[in-house]
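S.K.: Output the structure for:
(one chain, ligands or ions: 1)
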Amino acid sequence: MSNYIRLRGGKPLVGEIVLRGGKNVVPKLMVAALLTDEPVIIRDVPKIEDVEIMTRLFKRSDVIVDEIRPGTLQIIAKGMKLLSRPDLEDVTGRSRIPILMCGPMLHRFNRALVPKLGGCNIGPRPVDFHVKALRELGANYDESESGGVFKTKGLRGAIITLEYPSVGATEQVILSTVLADGVTELHNAAVEPEIMDLIMLLQQMGAIISVDMDRNIIIEGVEKLGGAVHTGMPDRNETASWACAALGTNGRIFVRGARQLDMMTFLNKFRQVGGGFDVNRDGITFYREQEILEPITVETDVHPGFMTDWQQPLVVALTQAHGKSVIHETVYESRFGYIDALNQMGAKIKVFEESVKNIRSKFGKRNYRQSVMIQGPTELHGADITVPDLRAGFSYIVAALIAKGDSTIHDFSILQRGYEHLVAKLQSLEAEILEVKT
Ligand code: EPU
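M.R.: Numbering: from 1, shown residues only. All right, here's what the predicted structure looks like:
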């Protein structure tokens, strides 16, 4: 039976929400804790599905995970045992994070099973960069077992150049080489703030990692890592989501914990559309500065570009701008699957297959549905729609709150993968929630 939320649109969102550690960083900090026998304490851990999945997997491998205070996890991996295929089975297809456990498992057991991965359905999302990098570090990969298995006689440093600055592959290399024999040079690395946060925890644990110019990360393997206490960086995707909700509904939202440095690229675009923001020590307030919103052109990219995870709620806000906006998606092959539902609600958005010239794109010039043109302003009306993936799901919430009338958003639970306490947050922002069925 489907779970859903029913919302009545037309009211601006007004109030404050509090961020906790990011979905795309906290589960990886948890993986870092597997590299030592000493306790690692992580603060600001959100209650989201990816954290629950990792907690469950850790407990299966006899790693101690305790919530010592609300939102603070203590992880002790001293007694860790190798995960078996049945251990991995019930998380199969639900998260992409478990593949990052390969490095710690190879260090501890010279062997690691590769889980069948999940995550949002936004393109093929292969793991070939991970496999290639681990091979270069001295692991053999056997695909014959379902899901695959890595074996090694000991990982050793290497010079690795990623084909594309993949976030996950960069994290894989870092987590696999901090304890490897020798020095690793990683070229064409991703340099997202979440990766810097992971490096900061590892540095506290005793790792030696330097981030040089031009996407080069140098990791000098050390013999042993120790315990540390670290606060996960605030979720910058959630920040952008609420900022677009304020813009779209003509509201005013203070995002406590949001940091300007993480959001600079987003803030430039937000201002160009006609959004306003006030930065203070505790967070950022987002609102509509101009009465008439302006159309813009945006290309998603790896950091420091405009994140692919920011485009979906922005597209919804742009349905209220006066004129034609264009968004080019260059990171994922299939991240415009949510557009049809927005058109059903009255938006005028066209999806194009034409390649975007002169910009880096993960999938080159192949004909994917990689660009959209949004003709605004359009009046949105309520609809019955189904969430296809996490960020698209949030964009449907924004659309429903802008729309005239009532909307039912099915498969609403997908949003729990990345938005902590979403219903409570919507209530505190005075959204009109008619019904929630979990
Ligand atoms: N890719 C490959 N081969 C690989 C790995 C990646 O072809 O081995 C491709 C992907 O298919 C994609 C591109 O490279 O087209 C970028 O993927 P990347 O590895 O950078 O992404 P990820 O690590 O799988 C993380 C976030 C995503 C976010 C991307 C980009 C986590 C758990 N997920 O994914 O977050 O979109 O980086 O910033 O950290 C979300 O939060 O909604 C989300 C999807």
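S.K.: Show the secondary-structure elements that the helix or strand bottoming out on mean pLDDT in the chain is packed against.
M.R.: Every helix and strand in the chain was compared by mean pLDDT, DSSP states H and E; the lowest is helix 85-89, with a mean of 84. Where contact means 3 or more C-beta pairs under 8 Å, 6 or more residues apart in numbering; DSSP states H and E, helix 85-89 is packed against helix 49-60. C-beta: built from backbone N, CA, C; applies to glycine.
S.K.: Buried by neighbour count: which residues of the least confident helix or strand of the chain qualify?
M.R.: By 16 or more other C-beta atoms under 10 Å, the buried positions in helix 85-89 come out as 87, 88.
S.K.: mind saving the C-alpha coords of it as CSV?
M.R.: What follows is helix 85-89 as a C-alpha-only set of coordinates in CSV (Å, rounded to 0.1, in the frame of the first residue of the first chain):
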residue,chain,number,x,y,z
ARG,A,85,26.8,-12.1,1.4
PRO,A,86,23.6,-12.8,3.5
ASP,A,87,24.7,-9.8,5.8
LEU,A,88,24.6,-7.6,2.8
GLU,A,89,21.4,-8.9,1.3
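S.K.: hmm, the next helix or strand after it touching the ligand?
M.R.: Once helix 85-89 ends, the next helix or strand along the chain (criterion: DSSP states H and E) is helix 102-109. No - using C-beta under 6 Å from any ligand atom, helix 102-109 never reaches the ligand; the gap is at least 12.3 Å.
S.K.: how about the helix or strand hosting residue 324 as PDB, C-alpha atoms only?
M.R.: Using DSSP H and E, residue 324 sits within strand 323-328. The C-alpha coordinates for strand 323-328 follow below in PDB (Å, rounded to 0.1, in the frame of the first residue of the first chain):
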ATOM      1  CA  GLY A 323      10.800  34.200 -19.200                       C
ATOM      2  CA  LYS A 324      12.700  31.200 -20.400                       C
ATOM      3  CA  SER A 325      15.100  29.500 -18.100                       C
ATOM      4  CA  VAL A 326      17.500  26.700 -19.200                       C
ATOM      5  CA  ILE A 327      19.000  23.900 -17.100                       C
ATOM      6  CA  HIS A 328      21.700  21.600 -18.500                       C
END
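S.K.: partners of that strand in the sheet?
M.R.: strand 297-299 (parallel), strand 371-376 (antiparallel) (DSSP bridges).
S.K.: mind putting those strands in CSV, mean pLDDT, distance to the ligand and mean neighbour count included?
M.R.: Formatted as CSV, the strands paired with strand 323-328 follow (pLDDT from 0 to 100; distance: least, C-beta to the nearest ligand atom, whole Å; neighbours: other C-beta atoms under 10 Å):
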stretch, mean pLDDT, distance to the ligand, mean neighbour count
strand 297-299, 95, 14, 18
strand 371-376, 96, 16, 20
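S.K.: Can you say which of those strands is nearest to residue 92?
M.R.: strand 371-376 (32.4 Å; C-beta to C-beta).
S.K.: got the CA coordinates for that closest one in CSV?
M.R.: Extracted C-alpha coordinates of strand 371-376, given in CSV (Å, rounded to 0.1, in the frame of the first residue of the first chain):
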residue,chain,number,x,y,z
SER,A,371,18.5,19.9,-21.0
VAL,A,372,15.2,21.5,-20.0
MET,A,373,13.7,24.8,-20.9
ILE,A,374,11.2,26.3,-18.4
GLN,A,375,8.7,28.8,-19.7
GLY,A,376,7.4,30.9,-16.8
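S.K.: and the next element down the chain from that strand?
M.R.: Downstream of strand 371-376, the next assigned helix or strand under DSSP H and E is strand 384-386.
S.K.: residues of that following strand that come out buried?
M.R.: Those would be 385, 386, for strand 384-386 by 16+ other C-beta under 10 Å.
S.K.: what packs against it?
M.R.: So strand 384-386, by 3+ C-beta pairs under 8 Å, 6+ apart, packs with helix 339-344, strand 406-410.
S.K.: Tell me the strands beside it, with direction?
M.R.: Using DSSP bridges, the strands paired with strand 384-386 are strand 406-410 (parallel).
S.K.: Name the residues that touch the strand it pairs with?
M.R.: 2-9, 345, 382-387, 393, 396-397, 399-400, 434 (C-beta atoms under 8 Å, 6 or more residues apart in numbering).
S.K.: Spell out for me the ChimeraX command that would select the buried members of those residues.
M.R.: Buried subset of the contacts of strand 406-410, written as a ChimeraX selection, criterion 16+ other C-beta under 10 Å:
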select :4,5,6,7,8,9,345,382,383,385,386,387,393,396,397,399,400
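S.K.: How about the contacts made by the one residue in the stretch 151-300 of the chain that gets nearest to the ligand?
M.R.: At 2.9 Å from the ligand, residue 168 is the closest residue in the stretch 151-300 of the chain, using C-beta to the nearest ligand atom. By C-beta under 8 Å, 6+ apart, the contact list for residue 168 reads 96, 99, 100, 127, 129, 130.
S.K.: how near is the second one to residue 140?
M.R.: Taking C-beta to C-beta, to the nearest Å as the criterion, residue 99 is separated from residue 140 by 17 Å.
S.K.: higher neighbour count, the two?
M.R.: Per other C-beta atoms under 10 Å, whichever of residue 99 and residue 140 has more neighbours is residue 99, with 24 against 11.
S.K.: Quick check: the more buried one touching residue 127?
M.R.: Yes - the criterion here is C-beta atoms under 8 Å, and residue 99 meets it with residue 127 at 6.0 Å.
S.K.: picking up where we left off before, just the helices and strands packed on strand 384-386: most buried one?
M.R.: strand 406-410 (a mean of 20; mean count of other C-beta atoms under 10 Å).
S.K.: Packing partners of the helix or strand following that one?
M.R.: Remark: after strand 406-410, the chain's next helix or strand is helix 422-428, criterion DSSP H and E. Applying 3+ C-beta pairs under 8 Å, 6+ apart, we find helix 422-428 packed against strand 14-18, strand 432-437.
S.K.: that older thread, average pLDDT for the strand holding residue 324, rounded please.
M.R.: Taken as a whole, strand 323-328 has a mean pLDDT of 96.
S.K.: same check, this time on stretch 402-413
M.R.: Here stretch 402-413 scores 97 as its mean pLDDT.
S.K.: Next, the contact list for residue 266, please.
M.R.: Contact analysis of residue 266 by C-beta under 8 Å, 6+ apart lists 236, 239, 240, 243, 306, 307, 310.
S.K.: go again using 10 Å as the cut-off
M.R.: Counting by C-beta atoms under 10 Å, 6 or more residues apart in numbering, residue 266 touches 236-237, 239-240, 243-244, 258, 260, 275, 277, 298, 306-307, 310, 314.
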